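Asker: Quick one, fold the following:
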Amino acid sequence: MTLSRTRGTRDTTAVATAMLALVLAVGGCGSGSGGGQRAAPTPSAPAATGNGPYPTPSGPGEPPPLPTGSKGTPRGGTTRPGDVDQENADAVGRGALTVMWTFDTAIDSGPHDAGVRAADAGWLTPAYAKRLRTHRPRSVPGAQWREWAGHHASTIVTLEKAEDAAIPPDTGTEAWRQWAVNASPHGRDRWTGESTTVVAYVQLTRAAADQAWRVADVTVR
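Answerer: Residues are numbered from 1 along each chain as shown. From the prediction side, this is the model:
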């Protein structure tokens, strides 16, 4: 698969995949993650359907074996929930997205490994973490990933808050956020590839108003 600039590719199955546009793997499964029952956002802020955080590849053939995960720490390290104010939904959402879009081809077999890394670091609800860990990518990494891997590239992730009046207001146990997520690949050989940006909608939940937020789902367009 190649790096696509098409937004909002959807998967009708339980989980979906890809990397801001570098297709592959880490989707979740919608809202079954705790928090109160609320009306879903309007189409300008799509509901957490489990179609993200990445668009799903549609290549032919049988699914590859279930990934085993990254074999190390990505260049720049992995931010953990304890590094931020966990009662701040913005801080938790930012931290989770940064980890989920930090790819390191020197240690990762594909983009799915970053989602597993976010789950293992503790950024996600148990239900969402389980879905990411057990998700089976529908395609092997494509030409774009192979190009990155040829340079032993990793991504530098930057986020810009993107406001949307259609997103529901926060409650004590549920919050919605959205960011423009930019990932720029940089090789260990000093190569720099073209960066890609998507808009990521994040659902965060917690058991009570004095508890830590966790990411319950991510949808990309």
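
Asker: what's the neighbour count on the spatially closest residue to residue 151 that is not a sequence neighbour?
Answerer: Nearest non-adjacent residue to residue 151, counting by CB to CB, 6 or more residues apart in numbering: residue 187, 2.9 Å away. (C-beta placed from N, C-alpha, C; glycine too.) Residues lying near residue 187 (other CB atoms under 10 Å) number 18.

Asker: dump the residue contacts of residue 187.
Answerer: Counting by CB atoms under 8 Å, 6 or more residues apart in numbering, residue 187 makes contact with 148, 151, 152, 153, 193.

Asker: Among these, which pair sits farthest apart?
Answerer: Farthest apart among the contacts of residue 187 by CB to CB are 152 and 193. That separation is 12.1 Å.

Asker: quick revisit: out of the contacts of residue 187, which one sits closest to residue 217?
Answerer: If you rank those by distance to residue 217 using CB to CB, residue 148 comes first, at 26.7 Å.

Asker: The closest one against residue 194, yeah?
Answerer: No. Residue 148 lies out of contact with residue 194 (CB atoms under 8 Å); the separation is 10.8 Å.

Asker: export the contacts of residue 187 to CSV and tack on distance to residue 178 and neighbour count?
Answerer: Output for the contacts of residue 187, formatted as CSV (distance: CB to CB, whole Å; neighbours: other CB atoms under 10 Å):
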residue, distance to residue 178, neighbour count
148, 26, 26
151, 31, 18
152, 32, 16
153, 27, 23
193, 25, 17
